[in-house]
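Chemist: Sharing a sequence plus its predicted fold:
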Amino acid sequence: MAGHQCDVAIIGAGTAGLAAERAARSEGAKTLLIDEHFAGTVCATVGCMPSKLLIAAAGAAHASRRASVFGVKTGEIHVDGRAVMQRLRAERDKFVQGTLQGIADLSDGICIKSKARFTGPTQLELANGEHVQARTIVIATGAYPLVPKPFQDLGDLALTNRSLFEIEDLPRSLAVIGGGAIGLEIAQAMARLGVETVLFDRGNALGGVETHDIQQSLAAAMRAEFTLHLGVDVSAVRRGDKAQITWSGDSEGSREFDKVLVATGRPPWLGDLGLAKSGLDLDDHRTPCFDRTTMQCGDSPVFMAGDANADAPVLHEASHEGAIAGRNAATFPKVAPATRQPAFSLMFTDPPLAVLGTTTGQDVIMGGADYSNQGRAKVEARAQGLVRLYAAKPNGRLIGAELFCPGADHMAHLLVLAIKSGETAASLLEMPFYHPTLEEGLKPALRAICKASTKALPNEQDTGDPSGA
Ligand SMILES: Cc1cc2nc3c(=O)[nH]c(=O)nc-3n(C[C@H](O)[C@H](O)[C@H](O)COP(=O)(O)OP(=O)(O)OC[C@H]3O[C@@H](n4cnc5c(N)ncnc54)[C@H](O)[C@@H]3O)c2cc1C
Ligand SMILES: NC(=O)c1ccc[n+]([C@@H]2O[C@H](COP(=O)([O-])OP(=O)(O)OC[C@H]3O[C@@H](n4cnc5c(N)ncnc54)[C@H](O)[C@@H]3O)[C@@H](O)[C@H]2O)c1
């Protein structure tokens with residue numbers, strides 16, 4: 001059987017694995033990149049990009065439908081489901097092509113198309129019968145869509161993020177199971193595309209948001225567009241070409257749907273890795289314990305990056321973790337801690353939801369703002385939502401934020417920069433705010449923090465706040 005030897009073997013050629021390979025190679029390591037499929041990253045194929053393409057189509061339908069608010073008559077809107085899915089796949093495939101080209105550009109001998117499993121701390125066995133002996137290993141195997149028992153028997157009526165973007169036409173009705181990021185983004189998009197959509201979640205915290213008033217605002221915005229059943233247990237049975245969904249708990253009922261999107265979470269994809277032979281310490285979820293500043297598992301020669309470690313399952317973190325893991329895997333046993341960024345997640349609903357930094361703890365000051373009367377948002381007929389900014393006592397240094405309001409996806413970047421650079425509410429208020437912008441809507445929240453902190457609003461600052469200024 002063929003044997004391969006390398007400095008750093010990376011399992012998984014997704015965003016994290018590709019970043020790890022680049023980083024290790026740039027440290028001078030001989031790398032091997034092992035992937036079962038080399039089909040392109042989850043982000044490009046069945047994740048970020050196709051979901052945003054669906055949301056973009058839905059946004060066009062929504063904007064056309066509500067153009068009459070501005071006195072613009074568009075007539076009856078017709079959504080051509082086949083054309084929506086065709087454009088989605090055509091554009092998605094261009095992103096995938098870009099990823100595949102990056103893989104094709106790697107030097108010969110780096111990529112091995114096979115499935116890997118541990119046979120020792122630094123030894124891998126490949127499904128093609130070959131073996132790899134590495135100095136260090138990076139686990140970057142990603143996550144998989146969990147399909148709970150009742151939905152496993154629905155066959156092709158049950159969709160996950162892996163199959164959703166392959167449907168030829170939009171269904172007439174869709175049950176979405178799970179009100180996390182995938183469930184909410186897709187449910188709102190489908191509803192806007194004219195699909196009769198009902199979302200079910202066994203919990204009450206949509207999008208994982210814990211702050212009560214943001215949670216209420218998010219639920220109200222979603223309820224205005226599709227039906228929500230929260231706090232329910234859901235079961236499913238296939239009846240011919242329909243799925244019968246039955247629910248009970250905070251509400252109860254039963255009805256048929258054309259398709260069911262199962263979006264109940266994406267646990268790390270580690271089950272096939274033979275971790276028992278890796279010698280790694282595993283936590284209660286059978287995930288290797290690792291240090292998030294070095295990505296190293298204990299003091300072993302194994303590193304983890306991306307969704308495989310379930311720490312921060314979003315794209316920019318997969319990419320950063322890959323770079324840290326790859327660099328440290330190459331320089332092992334010398335490993336250096338990296339500075340991790342503040343927590344930062346966005347959900348591309350409309351309005352978008354952004355959660356960043358730290359939002360809890362003692363000695364935290366909260367300042368809020370309401371976007372239902374915000375000037376620019378009213379101009380654009382999208383005045384809704386809330387902002388909660390969090391700052392540390394005593395001086396009001398910004399530490400976190402929750403935004404569910406128009407423009408949250410962009411304003412969150414400004415706030416994350418403010419958190420990183422140690423800005424206080426008072427120093428942010430010294431920044432010029434152009435009028436009329438969505439950013440101006442943050443001022444009441446910043447002023448509330450100033451009031452409760454030792455760093456008061458500078459007295460040459462105006463405190464007026466009319467929505468039309
Ligand atoms: C629908 C959806 C929408 C999303 N939208 C966003 C978004 O808008 N913004 C955002 O920041 N994030 C988003 N995400 C999350 C983001 O896509 C992920 O965090 C990111 O893609 C994870 O990358 P990864 O490298 O960890 O995993 P992956 O890209 O999944 O790569 C893992 C690779 O490992 C391979 N592999 C697994 N096991 C083995 C094995 N034993 N041997 C060999 N190869 C193996 C797989 O074939 C795969 O290629 C979304 C995710 C989904 C599902
Ligand atoms: N914009 C983005 O960055 C973006 C978009 C999509 C996905 N993602 C990533 O993908 C990951 C997975 O997303 P997801 O939405 O699948 O998972 P999730 O963990 O965010 O949400 C799962 C939801 O399903 C519910 N649930 C679980 N089991 C259930 C059951 N049996 N019946 C009813 N409800 C049930 C949970 O209460 C939870 O609300 C996210 O953690 C996120 O990091 C990110």
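Modeler: Nice, thanks for sending it over. Ligands and ions are numbered 1, 2, ... in the order given.
Chemist: drop to CA atoms for contacts and neighbour counts, all remaining ones
Modeler: Will do.
Chemist: hang on, isn't residue 10 packed against residue 31?
Modeler: Yes. Using CA atoms under 8 Å, residue 10 is in contact with residue 31, at 7.5 Å.
Chemist: shared neighbours of those two, anything?
Modeler: Taking CA atoms under 8 Å, 6 or more residues apart in numbering as the criterion, residue 10 and residue 31 both touch residue 21.
Chemist: quick one, which of those two is more surrounded?
Modeler: Between residue 10 and residue 31, counting by other CA atoms under 10 Å, residue 10 is the more crowded of the two (34 against 26).
Chemist: Could you say which helix or strand holds that one?
Modeler: Assigning secondary structure by DSSP states H and E places residue 10 in strand 3-11.
Chemist: got the phi/psi numbers for residue 432?
Modeler: Backbone torsions for residue 432, taken as degrees, to the nearest 10, come to phi -70, psi 130.
Chemist: Would you check how far apart it and residue 374 are?
Modeler: Using CA to CA, to the nearest Å, residue 432 is found at 18 Å from residue 374.
Chemist: Which one's more surrounded, these two?
Modeler: More crowded of residue 432 and residue 374, by other CA under 10 Å: residue 374, with 26 against 8.
Chemist: That one reaches residue 438, doesn't it?
Modeler: Yes. Contact criterion CA under 8 Å: residue 374 and residue 438 qualify, at 7.5 Å.
Chemist: At which residues are the helices of the stretch 301-450 of the chain located?
Modeler: Ranges of helices within the stretch 301-450 of the chain are 315-331, 375-379, 408-420, 425-429, 443-451, based on DSSP state H, counting those that start in this stretch.
Chemist: touching ligand 1 at all, the first one?
Modeler: Which is helix 315-331. Yes. Helix 315-331 comes into contact with ligand 1 (CA under 6 Å from any ligand atom), by way of 315-316, 318.
Chemist: ranking these by neighbours, who comes first?
Modeler: Result: residue 318 is most packed of the residues of helix 315-331 next to ligand 1 (other CA under 10 Å), 28 neighbours.
Chemist: so it sits right up against residue 305, yeah?
Modeler: Yes. If you go by CA under 8 Å, residue 318 and residue 305 touch, sitting 6.2 Å apart.
Chemist: For these two, list the residues in contact with both.
Modeler: Counting by CA under 8 Å, 6+ apart, the residues touching both residue 318 and residue 305 are residue 16.
Chemist: So, low pLDDT: which residues of this protein?
Modeler: Applying pLDDT under 70 to the chain flags the ranges 1, 466-469.
Chemist: What is the neighbour count of residue 2?
Modeler: Residues lying near residue 2 (other CA under 10 Å) number 8.
Chemist: How about residue 299?
Modeler: Neighbour count of residue 299, defined by other CA under 10 Å: 13.
Chemist: Same check on residue 160?
Modeler: Neighbour tally, residue 160, other CA under 10 Å: 19.
Chemist: Surely it and residue 264 touch.
Modeler: No. Contact criterion CA under 8 Å: residue 160 and residue 264 do not qualify, at 9.3 Å.
Chemist: overlap in contacts of these two?
Modeler: Residues touching both residue 160 and residue 264 by CA under 8 Å, 6+ apart: residue 145.
Chemist: Okay, and the closest residue to residue 167 other than its chain neighbours sits in which element?
Modeler: Counting by CA to CA, 6 or more residues apart in numbering, residue 167 lies nearest to residue 85, which is 7.2 Å off, once chain neighbours are set aside. If you go by DSSP H and E, residue 85 is part of helix 81-104.
Chemist: Identify the residue spatially nearest to residue 84, adjacent ones excluded.
Modeler: residue 57 (6.7 Å).
Chemist: so what's the one you found up against?
Modeler: Each residue near residue 57 by CA under 8 Å, 6+ apart is listed here: 84, 189, 193.
Chemist: tell me which of the residues you listed is nearest to residue 388?
Modeler: Closest approach to residue 388 among those (CA to CA): residue 189, at 25.7 Å.
Chemist: Surely the closest one and residue 53 touch.
Modeler: No. With contact defined as CA under 8 Å, residue 189 does not reach residue 53; the gap is 9.8 Å.
Chemist: Can you tell me which residues in the protein are near ligand 1?
Modeler: Listed as neighbours of ligand 1 in the chain under the rule CA under 6 Å from any ligand atom: 11-17, 34-38, 41-43, 46-48, 51, 114-117, 140-143, 161, 182, 272-273, 306-308, 313-316, 318.
Chemist: any idea how far residue 149 is from residue 309?
Modeler: Taking CA to CA, one finds residue 309 at 24 Å from residue 149.
Chemist: Okay, buried residues for stretch 195-203 please.
Modeler: 195-202 (16 or more other CA atoms under 10 Å).
Chemist: actually stretch 243-252, not the one I wrote
Modeler: Neighbour counts using 16+ other CA under 10 Å place 243-248 of stretch 243-252 among the buried residues.
Chemist: Same list as before, those residues that is, but in CSV and with secondary structure and distance to ligand 2 included.
Modeler: Formatted as CSV, the buried residues of stretch 243-252 follow (DSSP: H, G, I helix; E, B strand; the rest coil; distance: CA to the nearest ligand atom, whole Å):
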residue, secondary structure, distance to ligand 2
243, strand, 15
244, strand, 15
245, strand, 11
246, strand, 11
247, strand, 9
248, strand, 11
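Chemist: Tell me which two in these are the farthest apart.
Modeler: Once CA to CA is applied, the buried residues of stretch 243-252 give 243 and 248 as the farthest pair, at 16.5 Å.
Chemist: For the helix holding residue 85, enumerate the helices and strands it packs against.
Modeler: Here helix 81-104 touches helix 42-46, helix 48-65, going by 3 or more CA pairs under 8 Å, 6 or more residues apart in numbering; DSSP states H and E.
Chemist: which of these sits most buried?
Modeler: Among the helices and strands packed on helix 81-104, helix 42-46 has the highest mean neighbour count (mean count of other CA atoms under 10 Å), at a mean of 21.
Chemist: what about dumping the CA coordinates of that helix to PDB?
Modeler: Backbone C-alpha positions of helix 42-46 (Å, rounded to 0.1, in the frame of the first residue of the first chain) are rendered in PDB as follows:
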ATOM      1  CA  VAL A  42     -19.600  24.200   2.200                       C
ATOM      2  CA  CYS A  43     -19.800  28.000   2.100                       C
ATOM      3  CA  ALA A  44     -19.700  28.100  -1.700                       C
ATOM      4  CA  THR A  45     -21.600  25.000  -2.500                       C
ATOM      5  CA  VAL A  46     -24.400  24.600   0.000                       C
END
